[in-house]
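K.L.:
Predicted model and sequence below, questions to follow.
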Amino acid sequence: MLSESGAAAAGGARGHVPAAEAAAEADVVGVTALFAVQSFIRACTGADRDGRVIISLHPGPPVMKFVALNAHASFRQIVDEAHAVILAGGTMSPMEDIVQQLFSHIPPARVRTFSCDHVVPADALTAVAVGAGPTGKVFDFRRGMRQEADMLTELGGALQSLAARVPAGMVVFFPSYDMEAAAWVHWSRAGGGAGERPLLDRLQACKPVFREPRRGGDCDVLLRSYTKAAQSSTGAILFAVVGGKVSEGINFSDDLARCVAVVGLPYANASSAELRERMAFLSATCKPSGCTLLPSSLPEHAIGSTGAASSGGEDAGRVYYENLCMRAVNQSIGPCCSAASTAHLHVHARVPVDHIAQPVRCRKKSD
């Protein structure tokens with residue numbers, strides 16, 4: 001049985017630590033490091049098909065990491081011995097790949113999913129896919145296009161148009177810190193045309209703009225300032241990043257997020273060695289009708305041809321890749337949908353609009 005419920009985490013910082021305690025902690029750190037090495041070696045003793053060793057030489061110091069690919073091999077014993085297994089989380093949808101990987105040997109009728117009704121009625125939410133900017137230029141925020149000057153100018157014009165019409169707070173999620181930084185620099189210098197003020201100045205004239213810091217520890221001060229500004233007569237804009245601190249467990253109720261804009265789709269880096277291995281493993285062991293993940297105790301040749309992905313349906317590796325992206329989007333916009341009236345806009349043209357909403361074109365606002 002799978003269940004979705006709220007989840008939260010909290011952490012704190014320590015002050016001055018006495019010298020004796022610091023020395024004891026240093027010893028613990030040393031022991032912990034040895035345990036990490038021991039755990040790594042133990043992981044490498046498993047079946048070769050169930051995991052991969054990934055070695056990263058850059059950036060920074062070299063890193064050697066063991067990646068478990070076959071979650072079913074470790075999880076099956078829990079499922080078989082328990083009367084019921086409950087997976088609970090705040091943002092688990094879409095869940096198809098999770099069910100495939102963990103419960104592939106269980107008849108589908110025995111696996112149930114449950115999601116609580118939303119606290120906000122459907123008529124208080126509006127979802128729109130924005131496919132083009134004020135001048136009619138089609139948005140394209142693929143990885144190679146995210147820092148193109150023309151695309152950033154068009155995006156800035158669209159956000160200015162929205163900011164002039166949205167009351168109170170407005171949250172804009174970028175797919176990465178790099179794109180948010182590139183947009184900020186570009187809008188600080190460029191205008192929408194000859195003789196016009198920089199886009200950032202015009203955006204700030206609508207609402208003050210706040211930026212999520214890369215360092216999570218600075219978020220508390222930011223959120224207090226943004227909350228105060230969002231509840232003022234002018235409102236405010238918050239630039240955040242999908243997967244960043246702001247998207248993790250912070251509720252933007254009522255005036256804090258009357259509009260949520262997601263720029264593009266935060267697909268993971270397809271060139272990542274770890275991601276490629278995960279996708280290849282799922283494609284080889286799962287098919288549309290279910291997975292054939294086997295316990296590590298069985299010989300590798302026992303998998304045979306039954307584990308191959310069927311060409312007649314969706315590739316399991318691709319489904320996993322898509323779901324990673326959509327779970328990140330859901331995690332970001334979910335806490336923002338607790339307002340009494342919210343608009344969610346997906347600023348992207350390269351998505352199947354029937355999965356989101358009919359695209360609309362922003363109207364250009366004259367200064």
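P.N.:
Sure thing, it's come through.
K.L.:
which residue ranges form the helices in the stretch 51-200 of the chain?
P.N.:
Taking DSSP state H, counting those that start in this stretch, the helices of the stretch 51-200 of the chain run over residues 71-81, 96-102, 149-163, 177-189, 199-206.
K.L.:
Point out where the stretch 251-367 of the chain drops to low pLDDT.
P.N.:
287-313, 337-367 (pLDDT under 70).
K.L.:
Where do the helices of it begin and end?
P.N.:
Under the criterion DSSP H, counting those that start in this stretch, the stretch 251-367 of the chain carries helices at the ranges 273-285, 316-333.
K.L.:
Quick check: which of those helices is nearest to R52?
P.N.:
In terms of Cβ to Cβ, the element of those nearest to R52 is helix 273-285, at 4.7 Å. For every residue, glycine as well, the C-beta is placed using N, CA and C.
K.L.:
okay, the angle between the closest one and helix 316-333?
P.N.:
Angle, helix 273-285 to helix 316-333, by axes from the mean of the first three to the mean of the last three Cα atoms, to 10 degrees: 130 degrees.
K.L.:
List the buried residues for helix 273-285?
P.N.:
L275, R276, E277, R278, M279, F281, L282, S283, A284, T285 (16 or more other Cβ atoms under 10 Å).
K.L.:
and if you look at stretch 55-73?
P.N.:
For stretch 55-73, the neighbour count (16+ other Cβ under 10 Å) marks V67, L69, N70, H72, A73 as buried.
K.L.:
Rebuild the helices of the stretch 251-367 of the chain as JSON lines, extending it with distance to F139.
P.N.:
Formatted as JSON lines, the helices of the stretch 251-367 of the chain follow (distance: least, Cβ to Cβ, whole Å):
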{"stretch": "helix 273-285", "distance to F139": "25"}
{"stretch": "helix 316-333", "distance to F139": "16"}
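K.L.:
which residues does the nearest residue in space to V85 that is not next to it in sequence contact?
P.N.:
Closest residue to V85 apart from its sequence neighbours, by Cβ to Cβ, 6 or more residues apart in numbering: V79 at 5.5 Å. For V79, the contact set (Cβ atoms under 8 Å, 6 or more residues apart in numbering) comprises V85, L102, F103, H105, I106.
K.L.:
Of those, which pair is most distant in space?
P.N.:
V85 and H105, at 12.6 Å, using Cβ to Cβ across the contacts of V79.
K.L.:
Deepest-packed of the helices of the stretch 51-200 of the chain, please.
P.N.:
Among those, the stretch with the highest mean neighbour count (mean count of other Cβ atoms under 10 Å) is helix 149-163, at a mean of 22.
K.L.:
so what does that helix touch, helix or strand wise?
P.N.:
With contacts taken as 3 or more Cβ pairs under 8 Å, 6 or more residues apart in numbering; DSSP states H and E, helix 149-163 sits against strand 169-174, helix 177-189, helix 199-206, strand 259-263, strand 342-347.
K.L.:
isn't M326 right up against P94?
P.N.:
Yes: with contacts counted by Cβ atoms under 8 Å, M326 reaches P94, the gap being 5.7 Å.
K.L.:
was I right about D255 contacting A229?
P.N.:
No: the criterion here is Cβ under 8 Å, and D255 misses it with A229 at 10.3 Å.
K.L.:
joint contacts of these two?
P.N.:
G235.
K.L.:
how much does the strand ranked longest in the chain deviate in direction from strand 259-263?
P.N.:
Criterion DSSP state E: the longest strand present in the chain is strand 125-132. Angle of strand 125-132 versus strand 259-263, following the same axes, to 10 degrees, is 40 degrees.
K.L.:
returning to what we had before: so which of the helices and strands packed on helix 149-163 is nearest S56?
P.N.:
Per Cβ to Cβ, nearest to S56 of these: helix 177-189, 18.8 Å.
K.L.:
which strands and helices sit next to that closest one?
P.N.:
Here helix 177-189 touches helix 149-163, helix 199-206, strand 236-241, going by 3+ Cβ pairs under 8 Å, 6+ apart.
K.L.:
Send me it as CSV with only the CA atoms.
P.N.:
This file holds the C-alpha atoms of helix 177-189, laid out as CSV (Å, rounded to 0.1, in the frame of the first residue of the first chain):
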residue,chain,number,x,y,z
TYR,A,177,20.8,28.5,-10.5
ASP,A,178,22.9,29.2,-13.6
MET,A,179,19.9,30.2,-15.7
GLU,A,180,18.6,32.4,-12.9
ALA,A,181,21.9,34.1,-12.7
ALA,A,182,22.2,34.5,-16.4
ALA,A,183,18.7,36.0,-16.6
TRP,A,184,19.4,38.4,-13.8
VAL,A,185,22.6,39.7,-15.4
HIS,A,186,20.9,40.0,-18.8
TRP,A,187,17.9,41.9,-17.5
SER,A,188,20.2,44.2,-15.6
ARG,A,189,21.7,45.4,-18.8
